[in-house]
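Undergrad: Fold the following, please.
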Amino acid sequence: MTIRIERRWVAVACVVVAASCTRPQSAGQAIAPPGSMQPGWNRIAGGPRTTCALGTPYSFFVEVGDPRKVMVYLQGGGACWDATTCNVHGKVPYFKPAVGERERPYRTGLLDETNPENPVRGFTKVFIPYCTGDAHLGTRTVSFDIPKTPSDSARQFVIHHSGGANATAALDWMYAHVPSPQLIFVTGESAGSIPTPVYAAAVSNHYSRARVVQLGDASGSYGSASGITTSWLGLPVLRALKLTGIDSATLTYSALYGSAARSSARIAFAQINSAEDSTQSFFLRATDRSSPTVSVLLAHNYAEIKRDIPGFRSYTMPGVMHAILPRPEFYTTSVDGVRLRDWVVALINGTPVADVGTSLLP
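TA: Presented below is the predicted three-dimensional model:
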């Protein structure tokens, strides 16, 4: 086992060195020296343009593997949009506000490198942590006021919605160190799944010869994306990534798929959702108490995406589970006789897949 890991690292190190010599370092980007990379997860500082919501340092993680196959994984962790939801000291935690000093990517589900059935085992992996409450797309720093109460004095706090800069820092590292991948799998769970079509288009446009596969997990019921344009000021990110046909007045999360497809025609798009996902239901009710159910909205959004992308595919599961990619259940779940793990393998390999679980939707 040790010999195999070392040989793999020697091959990747050669690629990293070559890329470092031929590609300029992005302004403000902290590039880790190739010699410092180790087998397993390597923590890399995001650089001076990055930060978490409370102003703490941002880092992302890289696991070296086959340089021809890359997975970009965007972590989830809620969202916030006002003084109540962004207050990390409130009664209900709405989002993850930091990348902890001891934090590491989980080792379960799709990130379980020890499981021989793992579809991305041996891939080079870029794990983009989430700590900004803005679906990895924000560019705004905002100050919130908390009024005086009988038990507490008035106070103010600042939130940095800098998810766009953080994700871009991780992708810039990949661009500088992985010069010519053949396959790029862009995925993420919960809030991290929302921008996966956006960043799939970005990497597809950068790597013009690579096959790109996008898979979002557990965000398919959301509708209006006004939070991107108002609360988080994410339009500069979308424009910088050269997405086409973005209408800030009517933008929806489903429309991000059509825009991504128009930006790059070489992407395979897909989603996984639970028909009654409890977390999606929570956030739907938090923004609109009269919101339709998750299953109703999934059916609507799937149809909307398919109008723009006929090849879009979905895998819908029964129940309330939120985000299956990081869970052991990724390997055991089966719907309509189709095992989820096998469906994802086919998707990654470019084998045609059908929609699964459509009978669970109205």
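Undergrad: In terms of helices and strands, where is Tyr315?
TA: strand 313-317 (DSSP states H and E).
Undergrad: Name the residues of that strand that come out as buried.
TA: Arg313, Ser314, Tyr315, Thr316, Met317 (16 or more other Cβ atoms under 10 Å). (C-beta placed from N, C-alpha, C; glycine too.)
Undergrad: Which other helices and strands does that strand contact?
TA: Judged by 3 or more Cβ pairs under 8 Å, 6 or more residues apart in numbering; DSSP states H and E, strand 313-317 is in contact with strand 267-274, helix 294-308, strand 334-335, helix 340-349.
Undergrad: Would you mind giving the orientation angle of it with respect to helix 294-308?
TA: Put simply, strand 313-317 runs at 170 degrees to helix 294-308, going by axes from the mean of the first three to the mean of the last three Cα atoms, to 10 degrees.
Undergrad: what about Cys52, neighbour count?
TA: Cys52: 25 surrounding residues under other Cβ atoms under 10 Å.
Undergrad: sec struct for the closest residue to it other than its chain neighbours, please.
TA: In space, Cys52 comes closest to Cys131 once its chain neighbours are excluded; the distance is 3.7 Å by Cβ to Cβ, 6 or more residues apart in numbering. When classified by DSSP: H, G, I helix; E, B strand; the rest coil, Cys131 comes out as coil.
Undergrad: What confidence value was assigned to Cys131?
TA: The score at Cys131 is 98. That number is its pLDDT.
Undergrad: what do you get for Val12?
TA: 31.
Undergrad: try Ala249
TA: With respect to pLDDT, Ala249 has a value of 83.
Undergrad: With pLDDT and distance to Val345 added, can I get the buried residues of strand 313-317 in TSV?
TA: Formatted as TSV, the buried residues of strand 313-317 follow (pLDDT from 0 to 100; distance: Cβ to Cβ, whole Å):
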residue	pLDDT	distance to Val345
Arg313	98	13
Ser314	98	17
Tyr315	99	12
Thr316	98	18
Met317	98	17
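Undergrad: Any chance of CSV for these, columns distance to Gly47?
TA: As requested, the buried residues of strand 313-317 are exported to CSV (distance: Cβ to Cβ, whole Å):
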residue, distance to Gly47
Arg313, 36
Ser314, 36
Tyr315, 36
Thr316, 39
Met317, 38
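Undergrad: nearest to Ser221, of those residues?
TA: The shortest gap between Ser221 and any of the buried residues of strand 313-317 belongs to Thr316, at 10.8 Å (Cβ to Cβ).
Undergrad: In space, not sequence, find me the middle residue of this structure.
TA: Leu74 (2.8 Å; Cα atoms, centre = their mean).
Undergrad: pLDDT below threshold where in this protein?
TA: Scanning the chain for pLDDT under 70 picks out the ranges 1-35.
Undergrad: Would you map the helices across it?
TA: 2-22, 163-177, 196-206, 226-229, 235-240, 253-263, 278-287, 294-308, 340-349 (DSSP state H).
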